[in-house]
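*Asks:* got a predicted structure plus its sequence, pasted below:
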Amino acid sequence: MDFLVLVTIFACVYLLFEFVINKILVDYSVDKFYDSMRSAQVDLNNSLAFLDEKKELDYKKSAMEIFDYLKISVLKRAQYDNSVFEAVFPDSENYAVIGIRKQPDLSGAGNFTLYDTLKKMIDKNTAQATNDSSAKKYIEFGFNGLNYIGIAAYSETGIRKSFERTNDDLMYPIIVIADDKNDFFFRLNRVRDIFFALFSLVFGIGAIFKIYSTINITREIYDIRDRMTRAGKDIREKGLISGDQKALKKKFIETTNLDDSFSELKGALADLGDIISGIADRELFIATLKKDDSLLKPHNEMMTIMYLDIQDFTGITERHKDNIMGIVNHIWTEVEHIISKNKGKINKLIGDAALLIFLDNHRDGRTNSALNAFYSAIELLSRVPLISRDLDISFNFRIGLDYGNVTYGKTGSDKNYELGVIGDNVNTASRLESICKQYHTNLLMTEDVYRNLRLQSGGDINIRKELNSQGDFYIRIFAVDKVRPKGKKEPKELYTVIKRKGNDYALLGIETYYDAGNYTTYRQLLSDFLSSIQEWRNYYMKKKDENEFQLSERSVELKNKAEMRWSVLVRNLAEFYLSSKLPLAEHLIKMILKFEEFDEFQKVPKEWLKKSSYLVKEPSSDWIITGTPELEK
């Protein structure tokens, strides 16, 4: 019977690897391709937009340099020496940018550069994905004598045909990112081999111990039987209890040790459970075994979403490529330790980024998820110097926080699922993390998070106890902007955290301190910036019923007034920024000035201030109507 149980468990674990963990690891590797593709597409979009603005640049030469840069950028982030990047132009252009990580300059070489072949693969995958959601997301092909697995996609931005600036017809090259098939499945095979080795070792030791214990216990039982038989004979014949009965008592006690063997087996099974919980979400694993629909069935939950990213991860990878997995695992271990104390958990790891969730209805009872996430964010940013010292690297975190009602539950296919979160708040937290760099801060949170913190407003807060700090730790919550989340009409204020040292304050996560008065001046300038949109609204309301190509004198006058208001405001912002060096002001300057004007301000700020007027942007109609700009992607 024990042998049948062992075989059954072994078969179940084997099927778990073949049909669940196999799928998880393959999808993880493919998702890495898509992350690289998204990054490449964004870089390509920005670079080509810049090229179109710079009319003096040689279009073909610059376009080729852009694709060479994309190749190097993608291959730098690749894990394996045989990772490949291709940018294949239509056959009529007769050009391809190709590179392998160990041979980055292969442009024009290879036998996998046919545009039509790639086009058929993309169209086939698109058709399969439309008809079958579980269809493969990747392509397989041969190149340079190796079998490859990867993804292919059209460029989201068109390039002028014949690489001529005067040609308005666009072509869309195909971008290919792939790994050698053996490298692609390396992680899966290694995890499976290690797991089965551990599994076999645990059950092998358990089986040996059980056989040994069974033999000993059987011997003890026979010995006890013989002693009891002799004792009964002595009582009947002699009326005495033999001295052997002392030994018999001892034997009875020893048989109780049988329970110890079961305890050790139970411990071995617990160790196996820890291995499984390290691979899958523990709550998901338990809920699946118990068929607990209260957790698995998609339902609404109030929670705080934290989106966290490791800043300068590309640079860390380049400088520490031999130990990058150890570095990342150390960082995520520190993150998990900190958020677990505050009733949070890692919902998803995405390479150098993570989606973390804090529930109001935690399994331990009702809690304030916004406050838990807030303290976690502060402790994470405060721990960066210690983690950097331990790992001998330079890095930082960027964090976005939002609070609200999201859909939570089992998501995915029948063979590949997880506990996922879906909602506007997830998207907003991700966008806040991304735009932290525009505000030169490492933490941004929405008005909903701030309101649910229920902390004092406008003054310093000592959170020494909350962080278990040896000394006082004073912070202040500081409003940095007022924007609308993507697709929403109601504006919300964005907040960050500043920390105090003496009478000066620094943005949390950055050790540059500024006089408290600079933050007050920034808030006054921000208020002026938000109210200045009224000048543009006056102009907009006047011109909307006029011919846009022939404005009335009154419309021209109102437009000039709005531009003059922004010119005065941007001069005040620039003078404040140059004198105080407070980085928050740079974002407002960038929102007002046109690209070439902002570029000139950065290069020659003192000469720029001497100008009598500046080239300012005209805000979008959506911004003018609502009164606030929309949160960027």
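*Replies:* Sure, I can see it.
*Asks:* please make it C-alpha for all contacts and neighbour counts, starting now.
*Replies:* Will do.
*Asks:* tell me the average confidence for the helix or strand harbouring Asp223?
*Replies:* Counting by DSSP states H and E, the element that carries Asp223 is helix 186-238. Confidence over helix 186-238 (mean pLDDT, whole number) is 74.
*Asks:* packing partners of that helix?
*Replies:* Contact analysis of helix 186-238 by 3 or more Cα pairs under 8 Å, 6 or more residues apart in numbering; DSSP states H and E lists helix 22-53, helix 244-255, helix 258-279 as its packing neighbours.
*Asks:* let's see 7 Å
*Replies:* Packed against helix 186-238 by the contact rule (3 or more Cα pairs under 7 Å, 6 or more residues apart in numbering; DSSP states H and E) you find helix 244-255.
*Asks:* tilt between the helix holding Asp223 and helix 22-53?
*Replies:* For helix 186-238 and helix 22-53, the angle between their directions (axes from the mean of the first three to the mean of the last three Cα atoms, to 10 degrees) works out to 160 degrees.
*Asks:* show me where this structure dips below the pLDDT cut-off.
*Replies:* Screening the chain residue by residue with the criterion pLDDT under 70, one finds the ranges 1-7, 10, 13-19, 94, 107-114, 129-136, 231-294, 457, 548, 633.
*Asks:* for the longest strand seen in it, buried residues please.
*Replies:* Under DSSP state E, the strand in the chain containing the largest number of residues is strand 396-412. By neighbour count, with 16 or more other Cα atoms under 10 Å as the criterion, the buried positions of strand 396-412 are 396-411.
*Asks:* before we move on, back to that, quick check, distance from the helix holding Asp223 to the centre of its chain.
*Replies:* Computed by Cα atoms, centre = their mean, to the nearest Å, the chain-centroid distance of helix 186-238 equals 49 Å.
*Asks:* try stretch 72-83
*Replies:* Per Cα atoms, centre = their mean, the centroid offset for stretch 72-83 relative to its chain is 20 Å.
*Asks:* now the nearest residue to Leu349 once chain neighbours are set aside: which helix or strand?
*Replies:* Beyond its immediate neighbours in the sequence, the residue positioned closest to Leu349 (Cα to Cα, 6 or more residues apart in numbering) is Leu355, lying 6.5 Å away. Of the helices and strands defined by DSSP H and E, Leu355 is found in strand 353-359.
*Asks:* now that strand against strand 396-412, angle please.
*Replies:* In this structure, strand 353-359 runs at an angle of 70 degrees to strand 396-412, with the same axes, to 10 degrees as the basis.
*Asks:* where along the stretch 251-400 of the chain do the helices fall?
*Replies:* Using DSSP state H, counting those that start in this stretch, the helices assigned to the stretch 251-400 of the chain run over residues 258-279, 282-290, 293-296, 313-319, 324-341, 369-391.
*Asks:* thought Ile346 was touching the residue nearest to Leu349, still the case?
*Replies:* Yes: at 6.2 Å, Leu355 counts as touching Ile346 under the criterion of Cα atoms under 7 Å.
*Asks:* more neighbours, those two?
*Replies:* Using other Cα atoms under 10 Å as the criterion, Leu355 and Ile346 rank with Leu355 on top: 21 against 17.
*Asks:* who's the more buried one bridged to?
*Replies:* Assessed by DSSP bridges, Leu355 has beta-bridge partners Tyr307, Lys348.
*Asks:* CA atoms only for stretch 339-348, dumped as PDB, please.
*Replies:* The C-alpha atoms that make up stretch 339-348 are tabulated as PDB, following Å, rounded to 0.1, in the frame of the first residue of the first chain:
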ATOM      1  CA  ILE A 339       6.100  43.900   3.500                       C
ATOM      2  CA  SER A 340       5.300  40.700   5.300                       C
ATOM      3  CA  LYS A 341       5.600  42.500   8.600                       C
ATOM      4  CA  ASN A 342       3.000  45.000   7.400                       C
ATOM      5  CA  LYS A 343       0.500  42.300   6.100                       C
ATOM      6  CA  GLY A 344       1.500  42.600   2.500                       C
ATOM      7  CA  LYS A 345       2.600  40.000  -0.100                       C
ATOM      8  CA  ILE A 346       4.300  39.800  -3.400                       C
ATOM      9  CA  ASN A 347       1.500  39.100  -6.000                       C
ATOM     10  CA  LYS A 348       3.800  39.000  -9.100                       C
END
